[in-house]
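**Student:** Pasting a predicted model and its sequence here:
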Amino acid sequence: MEGENFTMWSLFVLEGFSQYPRLEIVLFVFSLVMYLITLLGNSTLILITFIDSRLKTPMYLFLGNLSFVDVCYTSASIPALLVNLLSSPKTIIFFGCAVQMYLSLAMGSTECVLLAVMAYDRYVAICNPLRYPIVMNRQVCVQMAAISWVTGCLTALLEASFALQMPLCGNLIDHFTCEILAVLKLACVSSLLMDVVMLVISILLLPIPMLFICVSYVFILSTILRISSAGGRNKAFSTCGAHLMVVILFYGAALSMYLKPSSSNSKEIDKVISLLYGVLTPMLNPIIYSLRNKEVKDAMKKMLGKMPLHQTHECL
């Protein structure tokens, strides 16, 4: 690489779905509606975890963090996508591209760790309920949430730093955001170090947390099946079922993007998966938790003034 001249691009063009101009209006409406629902749903969850005293438990601390991650993740890319869908040319400056790439990686990585932390919280709550207040005390929960954020932000910084230093032979990104894999396709040379960094971080943040979650739920399911009370089983299934649905949606989309076989190179499919991963999953998270969680539904009703303020009940 030494002695070769490579252009330092100050402006990038995001191709997005420009090949389908009629589809862009549909995508604009779809993305805008999904983004507004995402902001409303996740902001509501964050709000009720702050104002409702019944939701001052570890599970809702992590749920509030998850909602904040989803708000940040979608806000890093969707507003720019909405602007680009209606503009021509669809450009973004280098700094904006770098920030977009970093935030998307940081929030996605944080969510990977946070979902594993939430699985551990459910494991302790159901498999060791008597020790739950001691094991998952406030200080421990704050530390676990902080570790999720630090891990996500540092791994994203490492990936983005390496990717942005790669020499690029063009500035036309065949994507609707500065997604790291799309940017790396412009690299003039291959980098073994970059490939190793991407592979190691992908394995650390995808298969390993997934394995941890699966093992946790094997123990959780075994414990739930031994609960004699039908009401207790239903409550445990409801709480864990919501988390499990979120895990399946998130990791299913993430694995299809970052750990798919190298022969799978359909650019249009990659864009669709990325759009669903970036818009649909964060939108569905608060809906899943609110529909399957009685405490969240009651807190929302209370906030809307549909329940007496003195009504309380015990949380898991």
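**Tutor:** Looks like it came in fine.

**Student:** So which bits of the longest helix belonging to the chain are buried?
**Tutor:** What stands out as the longest helix in the chain, according to DSSP state H, is helix 94-127. Within helix 94-127, the residues scored as buried using 16 or more other C-beta atoms under 10 Å are 97-126. Glycine gets a C-beta too; all of them are placed from N, C-alpha and C.

**Student:** mind listing the strands for the stretch 1-150 of the chain?
**Tutor:** Ranges of strands in the stretch 1-150 of the chain, per DSSP state E, counting those that start in this stretch, are 11-14, 91-93.

**Student:** Rebuild these as TSV, extending it with mean neighbour count.
**Tutor:** Output for those, formatted as TSV (neighbours: other C-beta atoms under 10 Å):
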stretch	mean neighbour count
strand 11-14	18
strand 91-93	16
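
**Student:** With mean pLDDT and distance to Leu211 as extra columns, can I get those strands in CSV?
**Tutor:** Listed next are those as CSV, based on pLDDT from 0 to 100; distance: least, C-beta to C-beta, whole Å:
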stretch, mean pLDDT, distance to Leu211
strand 11-14, 86, 35
strand 91-93, 86, 37
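
**Student:** Which of these sits closest to Phe176?
**Tutor:** Nearest to Phe176, of all the strands of the stretch 1-150 of the chain, is strand 11-14, at 5.8 Å by C-beta to C-beta.

**Student:** contact partners of the closest one?
**Tutor:** Strand 11-14 is contacted from outside by 84, 89-94, 97, 171-173, 175-178, using C-beta atoms under 8 Å, 6 or more residues apart in numbering.

**Student:** Kindly state which of the strands of the stretch 1-150 of the chain is positioned closest to Leu158.
**Tutor:** strand 11-14 (21.4 Å).

**Student:** just for the stretch 1-150 of the chain, where's the confidence low?
**Tutor:** By pLDDT under 70, the weakly predicted segments of the stretch 1-150 of the chain are 1-8.

**Student:** do that again at 50, thanks
**Tutor:** 1-5 (pLDDT under 50).

**Student:** Any chance of the backbone angles for Ile173?
**Tutor:** Per-residue torsions, Ile173: phi -90, psi 120 (degrees, to the nearest 10).
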